[in-house]
Every structure is written in C-alpha cells, then in structure tokens.
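[1] How does the following fold in three dimensions:
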Amino acid sequence: TPEEEEQDKTPEEPPAKTTTAPDGIIPSTLKATDSPVYATYDTVSIRNYTDYALDVKALLEAAPKLTPAQEGPDILIYHSHATEAYTMDGTDMYEESDSYRTLNTEQNMVRVGTEMTKILEAAGLEVIHDTTLYDYPRYSGAYDRSAEAVKNYLEQYPTIRIVLDVHRDALIGEDGTVYKAVTTVDGTDTAQVMLVIGHGQDGSNPHWMENLALACKIQSSMNTLYPTLARPMTLRSSRYNQQLCSGSLL
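    From the prediction side, this is the model:
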C-alpha cells in the first residue's frame, strides 16, 4: 500500500555515527552511493524505485519557475499521517495513540507543519495549514481522506502553487536496527529532509515529471546552502495524492 511503501527500510549508505541519540538508535548522514539505483547530477540525487530512466540535469533545467500569487494562498501544507511522532527521550514525552504516534498536535506532524508555516509566512508567502488528523481513528484510507480535502482546497483556492504532505520518516534495517537521518548545519544537529515523488502506475499521475523537476530544484537549493541537509529523494510507483496537481511533494 502507499502507506507501507512510504517507509524506506534501509539507509542509503553504511551508517556512521555523527551525534547522540536515544539508546538503540543509530544516527547516520544519508548520501547517494555509486549504485545504479541512484540518478545523480551535481548536488541532486534520486533513489529510483521505478523502471523510468532519469536525466537529472534535464530535470533541473525543466524545473518550473514559480512566483507568489498576487492575491490568495500560495502553499497548502497538510498531513496524511498527522499523528506520526518521534522517539520519546528524556523529558520529550507524549501520550501515544499508537506506536510512535500521538494526538498531541504540539508533538506530532502538525507541529512540524506549524513551524514550516511560520517560516514561509515570514518570507511573504500565504500558507494554508490543514491540521486535520486524517490517520485517526483509522490509519487505513488516510490518503483517500486527505485527497478529498486537497481537491476541495484546490477548487476553493486556485492560486495554490505548491502542495506539501509533511510526514515523519522511519528507517529500520533488515536486522531491526533503527536509524535516524541527521546532519550538522552551522554546528547544530539537524534532521535530514527527504522529498518523495509518486510516479503513478500506468500513467495515473500526469504531473509526476513536473513534480520531480521541482523537487530537484528544491534539493539543489537545500544542498547548495547546507550540504547534506537533503538526503537522496525517492521516486516511487505510488501516487501519494500527487496526481491531483502539479507542485505536489511529500
């Protein structure tokens, strides 16, 4: 299912401890290797789970040039899996609704979306942040429920240029080892960011290439400013609601 496909089970390179973490969790800065499963160019790397051959340079050159709307929202942020949360440690505790999940919007993905909204609005962009818990009380069908909301937002606000479905990743090795993807930015331990693009099987996502080109541009910008902030992005055969419009990223 799309929900299951979303989790990478193994890191892209052998883990190298870079900082502290709760017992049993291995910090690792994830980078592309020389494996043919990666398509790379300059600071951009794509872990390709499809059979489609990728030209990363051409994708960068084809990236859409987006400008803010003169009036109306520019960006929609939502969370198909809003209750996803991080490993508890020390005083950073929460009441679980399920394993590594909580309804506390100060400690699940809603909080991440709130912080992103603050930064984007400070940059002069108008943002809609949907805080609905689409994965509660039922996890199954979360993408279907969030898709209906996205359709409604796009119909109501045609000025939206970018749609971000913000998640928490999980990295578990074949031996059960749990990893966290982390790098250092200006001396501060910082979570790496991964962009996920849905190709869509049998041509079911007409926007996948434009979305991938946009993701390449964003990854290039992140890694130019802060090397290794963006881990290799992922191209998968599922859609993740990205068939609904261009500018869609997970």
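[2] Below-threshold pLDDT in this protein: ranges please.
    The model of the chain has pLDDT under 70 over residues 1-21.
[3] Downstream of the longest strand seen in it, the next helix or strand is which one?
    When the chain is parsed with DSSP state E, its longest strand is strand 178-185. Next along the chain after strand 178-185, taking DSSP states H and E as the criterion, comes strand 188-191.
[4] And for the closest residue to Ala82 other than its chain neighbours, the neighbour number?
    Excluding the flanking residues, the one nearest Ala82 by C-beta to C-beta, 6 or more residues apart in numbering is Leu133, at 4.6 Å. Where C-beta positions appear, they are placed from N, C-alpha and C, glycine not excepted. Leu133: 19 surrounding residues under other C-beta atoms under 10 Å.
[5] With Val44 instead?
    Residues within reach of Val44, counting by other C-beta under 10 Å, total 23.
[6] One more: Ala53?
    Ala53 - counted by other C-beta under 10 Å - has 7 other residues nearby.
[7] Next, work out how far apart it and Leu235 are.
    According to C-beta to C-beta, to the nearest Å, Ala53 and Leu235 sit 11 Å apart.
[8] so the longest helix along the chain versus strand 178-185, what angle?
    Longest helix in the chain, counting residues (DSSP state H): helix 208-225. Taking axes from the mean of the first three to the mean of the last three C-alpha atoms, to 10 degrees, one finds that helix 208-225 is oriented at 60 degrees with respect to strand 178-185.
[9] Show me how far the following helix or strand past helix 208-225 is from its chain's centre.
    Remark: after helix 208-225, the chain's next helix or strand is strand 233-236, criterion DSSP H and E. Remark: strand 233-236 is offset 10 Å from the chain centroid, using C-alpha atoms, centre = their mean, to the nearest Å.
[10] where exactly do the helices run in the chain?
    Going by DSSP H, the chain shows helices at 2-5, 56-61, 109-122, 142-156, 208-225.
[11] wait, what's in contact with the nearest residue to Tyr86 once chain neighbours are set aside?
    Take Tyr86 and drop its neighbours on the chain: the residue closest to it by C-beta to C-beta, 6+ apart is Arg168, 6.4 Å away. For Arg168, the contact set (C-beta atoms under 8 Å, 6 or more residues apart in numbering) comprises His81, Glu84, Ala85, Tyr86, Tyr100, Met109, Val112.
[12] can you rerun that using 7 Å?
    Applying C-beta atoms under 7 Å, 6 or more residues apart in numbering to Arg168 gives the contacts Glu84, Ala85, Tyr86, Met109.
[13] and if you look at Val56?
    Applying C-beta under 7 Å, 6+ apart, the residues near Val56 are Ala39, Thr40, Tyr41, Val44, Ile46, Cys216.
[14] swap in Asn223?
    Thr43, Leu229, Ala230 are the contacts of Asn223 under C-beta under 7 Å, 6+ apart.
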